[in-house]
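Asks: Have a look; sequence and predicted model below, questions after that.
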Amino acid sequence: MDIKNKIAIVTGGASGLGADTVRALAAKGAKVAVLDLNLDLAKTIANEVGGLAVKVDVADGESVEAALATVKAELGTARIVMNVAGIGIGRKITNKKGPHPLDSFLRVVNVNLTGTFDVCRLASTDMIALDTLNEDGERGVFVNVASIFGYDGPVGNTAYAASKAGVIGMTLPMARDLAPYGIRVMTICPGVFDTPLAKAETGEEGFNRLIANVPFPKRGGNPKEFAKLACHIVENTMMNGECIRIDAGMRMGLMI
Ligand SMILES: NC(=O)c1ccc[n+]([C@@H]2O[C@H](COP(=O)([O-])OP(=O)(O)OC[C@H]3O[C@@H](n4cnc5c(N)ncnc54)[C@H](O)[C@@H]3O)[C@@H](O)[C@H]2O)c1
């Protein structure tokens, strides 16, 4: 799909991987809605690209419905939807302090997995009513974000790994559900990228330890490299129902 003049939604678009994806989509001519819990940062990014900032908590069904309704009213129905919003938590299933709190497990799953599902189910319902764009009968595309931790999660990451494995697992069935409407679903599984979330989770020292496990190039990914892949997925109609690792060959070991 040609990105020019399309309406795009990026959840988590106020920071890190999402913010550079907003910039990349806008540079290719999309009208972009930046949906984020952090409205101030969302406004900064949206103003930079002439987009729309909308506050959302993707874990809250009413908030998601309201945010998508605002985008539809202000810009129109999105053909490009990127679910980038996500949170992490570092906690073992149990330790001397006691079991992993259930509420923090549920929060991570609600944001990363249920939030992604919710945006997909509502946005696709609007998308299927749009006209087709080309001879393939294409209508739109979803790009969801999981993590390499969804395949090989290190110690202390059960909640995060479970949430991201869920995003990986729903990619193919969702692509199959939406195929009759010409809507594609892809998932990106980043390795280690240099963003506020990555550094908040690991600290500078942990981040450097992670980088030591990266074969080549031996560094954290630049969010612009993630954004390039996200745009390529939109532009390449043959990409559907698949999860792509972007990790410089990294495989997680036991520890971070
Ligand atoms: N940075 C990495 O190394 C890395 C690796 C693998 C996967 N990821 C995934 O990539 C995505 C983006 O991560 P990032 O590193 O850019 O993080 P980030 O913290 O820089 O950005 C995440 C954004 O999501 C927003 N957000 C958080 N909870 C939200 C909610 N409930 N509703 C709406 N918005 C919410 C935050 O406000 C923030 O703007 C996440 O899903 C993360 O799990 C990141």
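Replies: Looks like it arrived, so ask away.

Asks: list the helices and strands the helix-or-strand element of the chain with minimal mean pLDDT packs on?
Replies: The weakest-scoring helix or strand in the chain, judged by mean pLDDT, DSSP states H and E, is helix 196-211 (a mean of 85). The helices and strands touching helix 196-211, judged by 3 or more C-beta pairs under 8 Å, 6 or more residues apart in numbering; DSSP states H and E, are helix 16-27. C-beta: built from backbone N, CA, C; applies to glycine.

Asks: who are the neighbours in contact with the closest residue to the ligand within the stretch 51-200 of the chain?
Replies: The nearest approach of the stretch 51-200 of the chain to the ligand comes at residue 86, 2.1 Å away (C-beta to the nearest ligand atom). Shown in contact with residue 86 (C-beta atoms under 8 Å, 6 or more residues apart in numbering): 12, 111-112, 145, 147, 163, 197.

Asks: What of residue 71?
Replies: Contacts of residue 71 (C-beta under 8 Å, 6+ apart): 7, 9, 33, 35, 52, 54, 78.

Asks: The helix or strand where it lies and the ligand, are they touching?
Replies: Residue 71 is located in helix 61-74, with elements delineated by DSSP states H and E. No - counting by C-beta under 6 Å from any ligand atom, the ligand has no neighbours in helix 61-74; the shortest distance is 7.8 Å.

Asks: and that helix, which residues are buried?
Replies: 63-64, 67-68, 70-72 (16 or more other C-beta atoms under 10 Å).

Asks: Can you tell me which of the residues you listed is closest to residue 189?
Replies: Of all these, residue 64 has the smallest distance to residue 189: 23.2 Å, by C-beta to C-beta.

Asks: How about the closest one: what's its closest non-neighbour residue?
Replies: Spatial nearest neighbour of residue 64, excluding adjacent residues (C-beta to C-beta, 6 or more residues apart in numbering): residue 118 at 5.0 Å.

Asks: now swap in residue 119 and tell me
Replies: Closest to residue 119 by C-beta to C-beta, 6+ apart is residue 83, at 5.5 Å.

Asks: what about that neighbour, how many neighbours?
Replies: 27 (other C-beta atoms under 10 Å).

Asks: begin at 20 from here
Replies: In the new numbering, first residue 20, that becomes residue 102.

Asks: need the residues of the stretch 70-219 of the chain near the ligand, please.
Replies: Counting by C-beta under 6 Å from any ligand atom, the stretch 70-219 of the chain sits next to the ligand at 75-78, 103-106, 130, 164, 166, 209, 211-212, 214-217.

Asks: Would you list the buried entries among those residues?
Replies: Among those, those classed as buried by 16+ other C-beta under 10 Å are 75-78, 103-106, 130, 164, 166, 209, 211-212, 214, 217.

Asks: Narrow those to those in helices?
Replies: residue 217 (DSSP state H).

Asks: Out of the buried ones among the residues of the stretch 70-219 of the chain next to the ligand, which is nearest to residue 257?
Replies: residue 164 (20.5 Å).

Asks: surely the closest one meets residue 209?
Replies: Yes - between residue 164 and residue 209 there is a contact at 7.1 Å, judged by C-beta atoms under 8 Å.

Asks: can you list residues touching both of these two?
Replies: residue 36.

Asks: Next, the contact list for the nearest residue to residue 214 once chain neighbours are set aside, please.
Replies: Ranked by C-beta to C-beta, 6+ apart and with sequence neighbours excluded, the top spatial neighbour of residue 214 is residue 35, at 3.2 Å. Contacts for residue 35 (C-beta under 8 Å, 6+ apart) come out as 103, 212, 214-217, 242.

Asks: Out of those residues, which is nearest to residue 150?
Replies: For those, the nearest to residue 150 is residue 103 (26.9 Å; C-beta to C-beta).

Asks: Mind pulling up the pLDDT for that closest one?
Replies: Looking at residue 103, its pLDDT reads 98.
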